[in-house]
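J.: Model the structure of this input:
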Amino acid sequence: MDPVTQVSGRAYPWGAKNIDTDVIIPAHWLKTVTRTGLGKGAFETVRAQDGNIFDDPRYAGAPILVAGDNFGCGSSREHAAWALADMGITAVIAPSFSDIFSGNAFKNGIVPVVLPQDAIDRLVEVAKTDTITVDLETMTVTTPFQDRFPFHLDAFRRQCLMEGLDEIGLTLARDTAISKYEAGVTEHRPWMSGERRHAGTIVESTGRT
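T.: Numbers count the residues shown, from 1 in each chain. From the prediction side, this is the model:
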């Protein structure tokens, strides 16, 4: 997972409310088990409409999505976060998120930013013409027009995002402590590591009697 300290650029000025995961990535795209290639299926039903913002060249490659209340509701499919990431979206700004989607977004390097509706309304207007910046260092969303909206993010999640640590990365970062613990288990509880002691000597257990 790549570290995220700041996300800056154009944003999709959507603002739509109650967008569920089936809208983000329809169910027939869920046959894949990889995290790549889902971007082309993201918001498929929305993209079927003429003049939709996701195919508007003004927002091509935008790293930010400004959405409405209750974004990511519905199923728990992690593919929704995969699809957004594959589109190049690194931050979603909305008044509220589904808890499961918010967790999936975090685990996939996407910053879920919660702001009040009046801030969302302002950002939707700014995004139509100018860039937006999400800064995890200062915990603010800013615009070129001196707008400054503070937001809150769980300290642990913020650290993980800024250091690019997913669950595997967190485990590897504790490799020394894990190895030390495992060595202690072998020494003091050999039966837990598949070994047994006989006359003061560690004997490998074969499972045979």
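J.: Now do the domain split for this protein, please.
T.: Here the domain assignment for the chain is 6-164, 174-204, based on automatic domain parsing.
J.: In this structure Trp14 contacts Ala67, no?
T.: Yes. With contact defined as Cβ atoms under 8 Å, Trp14 counts as touching Ala67 (5.5 Å). Placement of C-beta: from N, CA and C, glycine included.
J.: In CSV: the domains of the chain, plus mean neighbour count and mean pLDDT.
T.: CSV is the format used below for those (neighbours: other Cβ atoms under 10 Å; pLDDT from 0 to 100):
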stretch, mean neighbour count, mean pLDDT
domain 6-164, 18, 96
domain 174-204, 10, 64
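J.: Doesn't Val113 belong to a helix?
T.: No. Counting by DSSP: H, G, I helix; E, B strand; the rest coil, Val113 falls outside a helix, being strand.
J.: What's opposite it in the beta bridge?
T.: For Val113, the beta-bridge assignment (DSSP bridges) gives partners Ile93.
J.: Surely it touches Ser96?
T.: No. Proximity of Val113 to Ser96 does not meet the contact threshold set by Cβ under 8 Å, at 11.0 Å.
J.: which residues of this protein fall in helices?
T.: If you assign secondary structure with DSSP state H, the helices in the chain sit at 21-24, 44-47, 79-87, 99-107, 117-127, 155-163, 167-173, 175-188.
J.: so how far is Lys17 from the most centrally placed residue in the chain?
T.: With distances taken as Cα atoms, centre = their mean, the chain has Ala105 as the residue nearest its mean C-alpha position (2.4 Å). Relative to Lys17, Ala105 is positioned 18 Å away (Cβ to Cβ, to the nearest Å).
J.: go on, Ile25?
T.: Where Lys17 is concerned, Ile25 sits at a distance of 18 Å (Cβ to Cβ).
J.: Same question for Arg77.
T.: Summarising the geometry, the distance separating Arg77 from Lys17, computed by Cβ to Cβ, is 20 Å.
J.: go on, Thr32?
T.: In this structure, Thr32 lies at 28 Å from Lys17, with Cβ to Cβ as the measure.
J.: now Pro95
T.: From Pro95 over to Lys17 the distance is 8 Å, taken as Cβ to Cβ.
J.: shared neighbours of those two, which are they?
T.: Here Pro95 and Lys17 have Gly68, Asp69 as joint contacts, going by Cβ atoms under 8 Å, 6 or more residues apart in numbering.
J.: quick one, what contacts Pro150?
T.: Met139, Thr140.
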